[in-house]
Structure formats: C-alpha cells, structure tokens
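Asks: Provided below are the primary sequence and the corresponding predicted coordinates.
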Amino acid sequence: DDIDYAAMPRRQEPGAEKYACHETCGSAITLYKAGNHCDNDAFLFAYEYCLSCTSPDDQDIRKHYGTMLSKAGEECGYVVVP
C-alpha cells in the first residue's frame, strides 16, 4: 500500500469554503450534463461561483472541474479563464 493517507486532505465540513466550492462546481457540471445549460440561470450562477474558487487555497479544485467547465462555458460563449 503506497498511499500516504496522512498527506491527503481531510473531508471538508458542510459550510466550509472548500466544501461550497466543490458542491457548487459539481452542481454546475450536473446542470451542464442536463442540457440547455446556456439558458439556465442556476448553471450560470454555479459556473461563475466555481470560477471564483481559484484562490491559492483552492487551486486543486479548478483542476478537478476545469476541463468540463471550460467546455461548458465555451459552448455558451462565457469567459473560461477566471
């Protein structure tokens, strides 16, 4: 077993900033997959919020969601780089 469990980040508690970023980015992806995301205000809110999750503490969050959200944003003509 070569996994260094001590180095893994612990699960974030609901209400924590990182939890909110993961939750909102995940919601944006779910809404994207549902279709018609370019006309969906909930998607736009989640998309913009997710792009705001790029502080130094949140860098890993973007790498988890960035590829799919960039594709979703490009399809709508949104800015894809925060």
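Replies: Now that the structure is in, tell me what you want to look at. Residues are numbered from 1 along each chain as shown.

Asks: for the residue nearest to G73 when sequence neighbours are not counted, give me its contacts.
Replies: Leaving out its chain neighbours, the residue that sits closest to G73 by Cβ to Cβ, 6 or more residues apart in numbering is V80, at 4.3 Å. For glycine as for every other residue, the C-beta is placed from the backbone atoms N, C-alpha and C. Residues counted as contacts of V80 (Cβ atoms under 8 Å, 6 or more residues apart in numbering) are 69-70, 73-74.

Asks: same question for C50.
Replies: With Cβ under 8 Å, 6+ apart, C50 has these contacts: 21, 24-25, 28, 61, 65, 69.

Asks: what helix or strand is it on?
Replies: C50 belongs to helix 41-51 when assigned by DSSP states H and E.

Asks: so what pLDDT did H22 get?
Replies: With respect to pLDDT, H22 scores 81.

Asks: ok, and the closest non-adjacent residue to it?
Replies: Once flanking residues are discounted, H22 sits nearest to I61: 6.4 Å by Cβ to Cβ, 6+ apart.

Asks: surely that neighbour and C21 touch.
Replies: Yes: in terms of Cβ atoms under 8 Å, I61 counts as a neighbour of C21; the distance is 5.0 Å.

Asks: mind jotting down where the helices sit in this structure?
Replies: 17-34, 41-51, 59-76 (DSSP state H).

Asks: output the lowest mean pLDDT helix or strand found in this structure.
Replies: Sorting the helices and strands of the chain by mean pLDDT, DSSP states H and E puts helix 59-76 at the bottom, at a mean of 81.

Asks: and that one with helix 17-34, angle?
Replies: 30 degrees (axes from the mean of the first three to the mean of the last three Cα atoms, to 10 degrees).

Asks: quick check: angle from helix 59-76 to helix 41-51?
Replies: Computed with the same axes, to 10 degrees, the direction of helix 59-76 lies at 140 degrees from that of helix 41-51.
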